[in-house]
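# The sequence and its predicted three-dimensional model are supplied below.
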Amino acid sequence: MLSQLTLRFPKKLIERLKNRAATENTSVNALAERLMDASLESSAAGEEYLRLVTDPDAALEQLYRQLILGQTVGAPAPSRDTLRFMMMLAHQGYSRGQGQLVSLPRLRVLLEISFELLIWLTGHGKGVDVRFLKSTFRFDSDDWQAESQAFLAGLSPQVSQDYAEQLLRPLAGQAFDLQDVPDEVLARIFTVARLQAIFPLCMRARDRDFDARRRFCETLRPVVMARRETIEAGPVKFEIHISGQDHGVPADVWYEMPRLFLVVTGEHFIMPFGWEPFSELLRMLSVRHAHPDSLPRGREGKHALFYQTDSASREVTVGLEAMRVFVPEAGFEDLVRELVTRCEQGPLAQTLDSLRCLWGDL
């Protein structure tokens with residue numbers, strides 16, 4: 001059954017359509033139909049991207065449902081514009097602020113995506129900005145497979161966010177045209193596991209206030225279990241308090257918005273700190289734990305620091321925001337080992353992964 005839609009065009013546009021139809025020896029209706037079909041087909045991808053960047057919080061809410069909560073029934077695979085949107089936000093996540101260490105596994109995921117796109121596109125005769133890529137990654141040859149492997153193998157364990165931002169410019173700046181990559185190849189490169197690993201960067205890019213985060217949680221109602229851990233570092237205690245769903249409470253019963261507090265307690269003081277100082281300290285100590293020689297004297301970031309004091313007692317200064325505590329060297333090693341181990345394995349690690357997808361993380 002045919003349907004009709006009456007449209008009104010400016011007189012000037014109608015005259016131009018008539019002139020072109022006469023030139024091409026066709027009807028005005030046929031010409032208008034052909035031009036509109038071509039315009040709609042070519043702009044569809046761009047329109048979806050514009051919709052995503054116009055309301056990024058709504059887009060992230062939908063992505064959270066699909067990637068983190070696993071609500072994929074009836075949902076299409078992430079489109080090219082959605083992937084482009086996520087890479088743009090990941091780049092913004094690194095760009096917001098400076099001086100902090102980033103999670104190396106998360107950065108490696110983004111680099112692996114970049115290099116796999118580069119290898120596939122060049123291997124199938126597709127154009128890439130060779131000069132830009134070589135200057136960004138300091139490649140010496142066109143052997144992309146060998147160059148990318150050598151780059152990943154030589155990547156420093158301590159990468160600051162400003163350097164990570166530079167490394168992500170080709171991927172976020174559309175040096176790779178995803179329109180040239182078939183759907184099955186995109187699915188193999190942009191796996192669900194990789195998109196889940198990238199998601200905390202996208203959340204960090206938004207830098208929303210407390211009320212916006214609370215509305216996000218109340219809308220999605222993620223299940224984050226309440227947890228408490230205590231680590232002793234000599235005379236100082238570091239306690240991790242995570243508010244969430246208590247054990248034994250039904251999953252459909254909403255609870256206080258999930259939050260984390262790191263409470264540092266000494267003989268004469270007690271100080272609570274939030275997610276940003278805790279997550280930065282954890283990234284620092286994770287590097288210190290895995291590669292002790294990479295931070296021989298310590299590290300100072302935006303919200304956290306640690307360094308060896310020049311004294312006979314060989315104490316280590318640990319700083320969170322404006323607070324400084326002095327921890328015996330043996331107690332500091334206990335702190336590094338216990339904090340990193342508990343945060344990377346077991347129930348606490350799972351809870352922290354959930355919080356990263358809500359609060360964002362580098």
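That came in fine, so what should we check first?
# Which residue is the nearest non-sequential neighbour of residue 337?
Excluding the flanking residues, the one nearest residue 337 by C-beta to C-beta, 6 or more residues apart in numbering is residue 289, at 6.7 Å. Every C-beta, even on glycine, is put in place using the N, C-alpha and C of the backbone.
# Extract the CA atoms of the stretch of helix or strand that neighbour belongs to and return them as PDB.
Per DSSP states H and E, residue 289 falls inside helix 275-290. Backbone C-alpha positions of helix 275-290 (Å, rounded to 0.1, in the frame of the first residue of the first chain) are rendered in PDB as follows:
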ATOM      1  CA  TRP A 275      37.600   6.800  45.300                       C
ATOM      2  CA  GLU A 276      40.100   9.100  43.500                       C
ATOM      3  CA  PRO A 277      43.000   9.000  46.100                       C
ATOM      4  CA  PHE A 278      42.400   5.300  46.600                       C
ATOM      5  CA  SER A 279      42.400   4.300  42.900                       C
ATOM      6  CA  GLU A 280      45.500   6.400  42.200                       C
ATOM      7  CA  LEU A 281      47.400   4.900  45.200                       C
ATOM      8  CA  LEU A 282      46.400   1.500  44.100                       C
ATOM      9  CA  ARG A 283      47.800   2.100  40.500                       C
ATOM     10  CA  MET A 284      51.100   3.300  42.000                       C
ATOM     11  CA  LEU A 285      51.500   0.400  44.400                       C
ATOM     12  CA  SER A 286      50.500  -2.100  41.600                       C
ATOM     13  CA  VAL A 287      53.400  -0.800  39.600                       C
ATOM     14  CA  ARG A 288      55.700  -0.900  42.600                       C
ATOM     15  CA  HIS A 289      54.600  -4.500  43.400                       C
ATOM     16  CA  ALA A 290      55.000  -5.900  39.900                       C
END
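# Now do the buried residues in that helix.
Of the residues in helix 275-290, 275-289 count as buried by neighbour count, 16 or more other C-beta atoms under 10 Å.
# And stretch 350-361, by the same measure?
Of the residues in stretch 350-361, 351, 352, 353, 354, 355, 356, 357, 358, 359, 360, 361 count as buried by neighbour count, 16+ other C-beta under 10 Å.
# taking those residues as a set, which two sit the farthest apart in space?
Across these, the longest distance by C-beta to C-beta is 15.7 Å; it joins 351 and 360.
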